[in-house]
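> I need the structure of the sequence given here:
(2 chains)
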Amino acid sequence: NAGVTQTPKFRVLKTGQSMTLLCAQDMNHEYMYWYRQDPGMGLRLIHYSVGEGTTAKGEVPDGYNVSRLKKQNFLLGLESAAPSQTSVYFCASSDGWTGADGYTFGSGTRLTVV
Amino acid sequence: SQQGEEDPQALSIQEGENATMNCSYKTSINNLQWYRQNSGRGLVHLILIRSNEREKHSGRLRVTLDTSKKSSSLLITASRAADTASYFCATLSGGSNYKLTFGKGTLLTVNP
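Got it, this is the predicted structure:
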């Protein structure tokens, strides 16, 4: 019972490089989310998806793109990394829009952009 | 923008004592949730309270919600060292808003 799995767990990028963060869930959840967590800022929503093939912008979407080609996977892309994107990234999923059973979070990806 | 704001930002207590954390929010909500985050780990869902509920219990956790004051509190009774973590409130608004908005968290330290 893996829940939400994020890969990689750690990554160091040089400014201008690109990368993709992968989130996979095995709970058949419809809704998936990408958050970033910065010291003193709490969690801020980057992008989210309410179903396969759909995505929407969250609070801080600039510099990121996402795709949800398969229900179980939600990919977060950085096309040209910037030092301001140094953060811990969390993926989450839920079974409905009310989040009645709460969101299930992955263990995070710590990204450093130098 | 942040919807929930936790208070205090940090709390240090002795094992066996009760810990109370507060959360204030700005707009009407569908439900309010509390999460725990251990250092370096992901968030774990603790408890959810709906807008038409005033109090909810789960084990050593007690959550209250006052929609007239737009505030909630989380009480952890008989705290243990293992309760040391950051605690976040998160609100989910009604309508087409499908997403949780998190506060900045309260760091709870329980000293043995």
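
> For stretch A:104-114, measure first residue to last.
Using CA to CA, to the nearest Å, the end-to-end distance of stretch A:104-114 comes to 30 Å.

> What mean pLDDT does that stretch get?
Throughout stretch A:104-114, pLDDT has a mean value of 96.

> now stretch B:89-105
79.

> For the closest residue to chain A within chain B, grab phi and psi.
Closest residue of chain B to chain A, CB to the nearest CB: residue B:45 (2.8 Å). Every residue, glycine included, has its C-beta placed from N, CA and C. Backbone torsions of residue B:45, given as degrees, to the nearest 10, read phi -70, psi 130.

> Identify the residues contacting the nearest residue to it once chain neighbours are set aside.
Nearest residue to residue B:45 in three dimensions, chain neighbours excluded: residue A:102, at 2.8 Å (CB to CB, 6 or more residues apart in numbering or on different chains). Residues near residue A:102 by CB atoms under 8 Å, 6 or more residues apart in numbering or on different chains: A:94, B:33, B:35, B:45-46, B:48.

> for residue B:40, same thing?
Taking CB under 8 Å, 6+ apart as the contact definition, residue B:40 lies against residue A:108.

> ok, back up a step: return the set of residues that bridge with the residue of chain B closest to chain A.
With DSSP bridges as the criterion, residue B:45 is bridged to residue B:35.

> Check the burial of residue A:5 by counting its neighbours.
As a burial measure, residue A:5 scores 14 neighbours (other CB atoms under 10 Å in any protein chain shown).

> That should have said residue B:18, apologies.
Neighbour number of residue B:18 under other CB under 10 Å is 12.

> Could you pull up the contacting residues of it?
Contacts of residue B:18 (CB under 8 Å, 6+ apart): B:75-79.

> Look up the pLDDT of it for me, please.
97.

> Show me which residues of chain A sit near chain B.
A:4, A:31, A:33, A:35, A:40-45, A:48, A:50, A:58-59, A:90, A:92, A:97-108 (CB under 8 Å from any CB of the partner chain).

> hmm, back to that, just the buried subset of the contacts of residue A:102, please.
Buried members of these, scored by 16 or more other CB atoms under 10 Å in any protein chain shown, are A:94, B:33, B:35, B:45-46, B:48.

> So the residue in chain A positioned nearest to chain B versus residue B:109, what's the distance?
Nearest residue of chain A to chain B: residue A:102, at 2.8 Å (CB to the nearest CB). Applying CB to CB, to the nearest Å, the value for residue A:102 to residue B:109 is 24 Å.

> what helix or strand does residue A:92 sit in?
In the assignment (DSSP states H and E), residue A:92 maps to strand A:87-94.

> So what touches that strand?
A:4, A:6, A:21, A:23, A:25, A:27, A:29-38, A:43, A:46, A:74, A:76, A:101-106, A:108-111, B:42-43.
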